[in-house]
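pasting the sequence and the predicted model now:
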Number of protein chains: 2
Amino acid sequence: MTDLLDHLRTAVGAEHVLTDDADVAAYVVDWTGVHSGRALAVVRPGSTAEVADVVAACHAAGAAIVPQGGNTGLVGGGVPDSSGGQVVLSLGRMRTVRDVDPVAGTITVDAGVVLADVQAAAAGAGRLFPMSLGSEGSCTIGGNLATNAGGTAVLRYGMTRELVLGLEVVLPDGRVWDGLRALRKDNTGYSLKDLFIGSEGTLGVITGAVLRLFPATPRHATAWVAVPSVDAAVALLGVAQQHAGAHLATFEIANRQALDLVLTHLPGASDPLAGPSDWYVLVELAGASSEDGLDGALEAILGAAVEADLATDAAIAGSPAQRSALWALREGISEAQKVEGATLKHDVTLPIADLAAWASSIGPVLDEVLPGVRPVTYGHVGDGNLHYNLSSPVGRDDDLRAAERDLSTAIYDSVAAGNGSISAEHGLGRTKAVAGASYKSEVEVDLMRAVKAALDPAGLMNPGVLLPPA
Amino acid sequence: MTDLLDHLRTAVGAEHVLTDDADVAAYVVDWTGVHSGRALAVVRPGSTAEVADVVAACHAAGAAIVPQGGNTGLVGGGVPDSSGGQVVLSLGRMRTVRDVDPVAGTITVDAGVVLADVQAAAAGAGRLFPMSLGSEGSCTIGGNLATNAGGTAVLRYGMTRELVLGLEVVLPDGRVWDGLRALRKDNTGYSLKDLFIGSEGTLGVITGAVLRLFPATPRHATAWVAVPSVDAAVALLGVAQQHAGAHLATFEIANRQALDLVLTHLPGASDPLAGPSDWYVLVELAGASSEDGLDGALEAILGAAVEADLATDAAIAGSPAQRSALWALREGISEAQKVEGATLKHDVTLPIADLAAWASSIGPVLDEVLPGVRPVTYGHVGDGNLHYNLSSPVGRDDDLRAAERDLSTAIYDSVAAGNGSISAEHGLGRTKAVAGASYKSEVEVDLMRAVKAALDPAGLMNPGVLLPPA
């Protein structure tokens, strides 16, 4: 492997090939702390041509590659295994916004640009790049593309996949596919970009992309609404769609347990409503101008909701500061749960019509597995997507750790039985590669393996991620 | 092949295996009349299980399969070659709407359901299935899926791909992939559905789908606008987006030549404006309720357009009948052009910022190839997509036929040089399989061939379509 390291140093410069433990440390442990491994080296190329050189060298040497963006993934898809033989390919130096075209509504970026910087570049040109995630300050667009990231804007704008016009990808043998098209319509063959989006680094390394921009929506009308049940939240979604149509931008849910953790652990957080409620919805309308009548639509939604017993109370943001305070309640949950103690994350979708029944049936099942376990439930109810996370029974983190497998299996079994998905937006990574395959038909796993073998016959791209070893 | 025919008769019933020339005739010639072939048989299975039996039998016998929906394609992708050895697999008997769920916003259909019937089933449940094409009364949803069809609603709702949640596909070896998920979010592996959508029957036979429904938009505000140039039309699109936001549903363009043909050949068509114009735009806003302020927004758009010299005149539809009359001017072009005489169709996209310059530069180039050739230009300017069709110089159809290759090559070369696409929404079929590959990089063609070989190693699915023979 000395030859490979020499080749890599020649390709990207010796200072961008990290091998010392201290230098490598931040690249081999994931954000959750659950996955850690070892790396032959961390390589930080500065251009697409350098990525191609690195991949070709690894291909020739038979070394496996783990592409990595901001290392904010939640399923261990961007960190190496424990063999010490894998090369971590970090895109972190590729941070150029190549082009912004507000008239065409496109932005062309390197894979290593941080999501917040993509948003800012779009805003600087008077446009909106709508993708929005908790980790937007550190995740990279390349990671978002590789995982088909979701977030709070999916309801209105769709998943990452729907925001992409073209891709540039370094293939497993080091050749570069230039698919950087800026076209809304192009029916000239298989949709190759859709193969790479969501492939979690197992088919190639995404190095650049052309993304869609949208009209800016500087006007907002935002409310934090107490709702009696998940059932009521789903019904309220229908009411909101009816009154707000395409202006409905956000429809997020959280349970009281989630709000309690935020109020306990987040400095400055306060409950905007007088009394408690089992469930809350954060609803936001967004528009381009005052002509959009957002305030009137929001009032109509809330009026109809109270009349139909779908809401018991609501706080409307009267200023940008109040809007930020309501959003902080939703966005602070993940952090607050981390402070509280041991956490077990799940990212499930169900057909939205079945979501309420599922959410009310799963609690007792889990309590039987681990009495006292606390569901901290929140997520994108408008997409049928719940982050059905579990916190340990108070003070008993070890019990949660011991019961992890049984709890997750109970959740996944019930989700699969309900025609749902065990990964709505986080991907499969290492955490769920085996489970993901186990809930799929043999035909579907065969199809996925056929695709993998066709594009990466040597099996060197992020092995063990997305698909279990054959 | 007698064994195969016997097997097919057993699989679907003898009355659904057509071999007589008279019975087969309608299935072996395409709508344009350009492509005609011969078939070993036309097989009309009535269920997914029967499709699987048919495909397995053909696979075992080494017989190629040509899947066919409503046979309305424009590029010869659904008709057999001239060998007489291919089996046409018609989905026309699979016409069941399996399920409509207005709350979840989904409809599950057999592949052979006619598009207009999908629209009607959605409307019957108070919802909108937005896809809309000239051939919607006879094309099937399976064909729309296999070609990733476009149409007049792409601007607001996206291509077919964006309307699909799940698919059921019979694979080339006869196994059935049940991917009929009804989930908005599902990040558990490669997006297999996106491989089959737009693959033009070359990777398998789509037999069913779960599609997205949207809130109904019974309110419309519609105008036929005279604009001085393509440049002005593109600028007007920006104005319309600014004022109407997500209510902007349609933004179609047509040149005077196209309108003239409609006025000449379509009974009852009349020019809604007093004087002539080089170009016209059909703009429509759509919304759910009177609160959406569509009329006001349309007036604001037209006022701003006149003030900025982007429009010289406009007719606003004052009734549903007037709306239909304006739409008929746009939708009648293809038919009128057929009555006029020989036609050469092109379906191109360019980056929208470059569309105007391209449209004004290509005319003189073509006139040099064939003096007097008449561009009948129309299409989906909001998507950067022009149907840059050519009618023969008056009375000289043979000259157009003789110059076809040179004219198309001139158009495709200039589109490719401008980073456009030679097939925006029609697919490649047989007509453009060779051209499609010739404008792609070797890397991209290799990727497509690798995908094809992985899923259809025997090469029996619609050979010669989408990819040229190796």
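The structure has been received and is ready for your questions. Everything numeric in this text was worked out from a predicted model, so none of it was measured.

can you get me a residue count around residue A:189?
As a burial measure, residue A:189 scores 25 neighbours (other CB atoms under 10 Å in any protein chain shown). For the C-beta atoms, the positions are set from N, CA and C on the backbone; glycine is no exception.

dump the residue contacts of it.
For residue A:189, the contacting residues are B:198, B:428, B:436, B:440, B:444, B:448, B:466-467, by CB atoms under 8 Å, 6 or more residues apart in numbering or on different chains.

my reading is that residue A:286 is in a strand; is that accurate?
Yes. Looking at residue A:286 with DSSP: H, G, I helix; E, B strand; the rest coil, it is inside a strand.

tally of neighbours for it?
One way to gauge burial is a neighbour count; for residue A:286, by other CB under 10 Å, it gives 24.

for residue A:290, same thing?
By the other CB under 10 Å criterion, the neighbourhood of residue A:290 contains 9 residues.

excluding chain neighbours, what is closest to it?
Setting aside the residues directly before and after it, residue A:290 is nearest to residue A:219 in space (CB to CB, 6 or more residues apart in numbering or on different chains), at 6.6 Å.

pretty sure the one you found is in contact with residue A:291, am I right?
No. The pair residue A:219 / residue A:291 is not scored as a contact, 9.4 Å apart, by CB atoms under 8 Å.

and the residue nearest the centre of chain A, what does it touch?
Centrality entry for chain A: nearest residue to the mean C-alpha point is residue A:149, 3.9 Å, by CA atoms, centre = their mean. Contacts here follow CB under 8 Å, 6+ apart; on that basis residue A:149 touches A:131, A:133, A:139, A:143, A:159-160, A:425.

can you pick the most crowded of the residues you listed?
Most neighbours among the contacts of residue A:149, by other CB under 10 Å: residue A:143, with 30 neighbours.

returning to that earlier point: sitting in helices, which of the contacts of residue A:189 do you find?
Using DSSP state H, B:436, B:444, B:448 are the members of the contacts of residue A:189 that sit in helices.

contacting residues for the first one?
Under the criterion of CB under 8 Å, 6+ apart, the contact list for residue B:436 reads A:188-189, B:422-423, B:428, B:466.

over to the last one?
Contact criterion CB under 8 Å, 6+ apart gives A:189-190, A:192, B:440, B:466-467 as the residues in contact with residue B:448.

do the second one as well
Each residue near residue B:444 by CB under 8 Å, 6+ apart is listed here: A:177, A:179, A:189, A:192.

residue A:191 versus that one, what's the distance?
For residue B:444, the distance to residue A:191 equals 12 Å [CB to CB, to the nearest Å].

ok, the first one next?
Applying CB to CB, the value for residue B:436 to residue A:191 is 14 Å.

please apply the same query to the last one.
From residue B:448 over to residue A:191 the distance is 10 Å, taken as CB to CB.

up against chain B, what does the stretch 301-450 of chain A have?
A:349-353, A:380, A:383-385, A:419-428, A:432, A:436, A:439-441, A:443-444, A:447-448, A:450 (CB under 8 Å from any CB of the partner chain).

list only those of those flagged as buried.
Among these, those scoring as buried are A:349-353, A:380, A:383-385, A:420-428, A:432, A:436, A:439-440, A:443-444, A:447-448, A:450 (criterion: 16 or more other CB atoms under 10 Å in any protein chain shown).

how about the helices in the stretch 151-300 of chain A?
Secondary structure of the stretch 151-300 of chain A (DSSP state H, counting those that start in this stretch): helices at A:154-157, A:192-196, A:230-244, A:256-265, A:294-307.

list the helices and strands the last one packs on?
Under the contact criterion of 3 or more CB pairs under 8 Å, 6 or more residues apart in numbering or on different chains; DSSP states H and E, the helices and strands touching helix A:294-307 comprise strand A:219-227, helix A:230-244, strand A:279-287, strand A:313-316.

restrict it to CA atoms and write it as PDB.
Extracted as PDB, the C-alpha positions of helix A:294-307 are listed here (Å, rounded to 0.1, in the frame of the first residue of the first chain):
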ATOM      1  CA  LEU A 294     -50.800  34.400   3.900                       C
ATOM      2  CA  ASP A 295     -52.100  35.800   7.100                       C
ATOM      3  CA  GLY A 296     -55.700  35.500   6.100                       C
ATOM      4  CA  ALA A 297     -55.100  31.900   4.900                       C
ATOM      5  CA  LEU A 298     -53.400  31.000   8.200                       C
ATOM      6  CA  GLU A 299     -56.300  32.500  10.200                       C
ATOM      7  CA  ALA A 300     -58.800  30.500   8.000                       C
ATOM      8  CA  ILE A 301     -56.900  27.300   8.700                       C
ATOM      9  CA  LEU A 302     -56.800  27.800  12.400                       C
ATOM     10  CA  GLY A 303     -60.400  28.900  12.500                       C
ATOM     11  CA  ALA A 304     -61.500  25.800  10.700                       C
ATOM     12  CA  ALA A 305     -59.300  23.700  12.800                       C
ATOM     13  CA  VAL A 306     -60.700  24.900  16.100                       C
ATOM     14  CA  GLU A 307     -64.300  24.500  14.800                       C
END
